[in-house]
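Enquirer: sharing a model that was predicted from the sequence below.
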Amino acid sequence: MLSFLGTVIVGLIVGLIARAIKPGDDKMGWILTILLGIGGSLIAGYVGQALGWYRPGEPAGWIASVIGAIVLLVIYGLVRRRA
């Protein structure tokens, strides 16, 4: 239960940072922001560790998570515009 809560908190923080950095109006609620942060963290963690850029727990993981969330936010904006 504690790891789930930690994942949600990290997802929220990463999602909020990504939404603050990316310009534009991203209308999404708390749940989508959390999912955005979690998704960005998962993608960045997988890619960064697979390529050997960093290990789990390094500060670069946070930066990569925010970048991953920004990429997902751009994709979300493109999909939302088409629909």
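Expert: Right, received. Where do you want to start? Numbering: from 1, shown residues only.

Enquirer: in the protein, which spans are helices?
Expert: With DSSP state H as the criterion, the chain has helices at 2-21, 30-50, 59-82.

Enquirer: need the contact list for Gly15.
Expert: 33-38, 40, 69 (CB atoms under 8 Å, 6 or more residues apart in numbering). Where you see a C-beta, it was placed from the backbone N, CA and C, and this is true even at glycine.

Enquirer: same question for Thr7.
Expert: Residues near Thr7 by CB under 8 Å, 6+ apart: Ile38.

Enquirer: quick one: it from Leu78, how far?
Expert: Distance, Thr7 to Leu78, by CB to CB, to the nearest Å: 26 Å.

Enquirer: mark which of the contacts of Gly15 are buried, thanks.
Expert: For those, a burial check counting by 16 or more other CB atoms under 10 Å picks out 33-38, 40, 69.

Enquirer: and the residues you listed as CSV, adding pLDDT and distance to Gln49?
Expert: Output for those, formatted as CSV (pLDDT from 0 to 100; distance: CB to CB, whole Å):
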residue, pLDDT, distance to Gln49
Thr33, 88, 24
Ile34, 89, 22
Leu35, 91, 21
Leu36, 91, 20
Gly37, 90, 18
Ile38, 90, 16
Gly40, 89, 14
Ala69, 91, 17
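
Enquirer: and the spatially closest residue to Ile21 that is not a sequence neighbour, how many neighbours?
Expert: Distances taken as CB to CB, 6 or more residues apart in numbering put Ile70 closest to Ile21, at 6.2 Å, once the chain neighbours are dropped. Using other CB atoms under 10 Å, Ile70 has 18 neighbouring residues.
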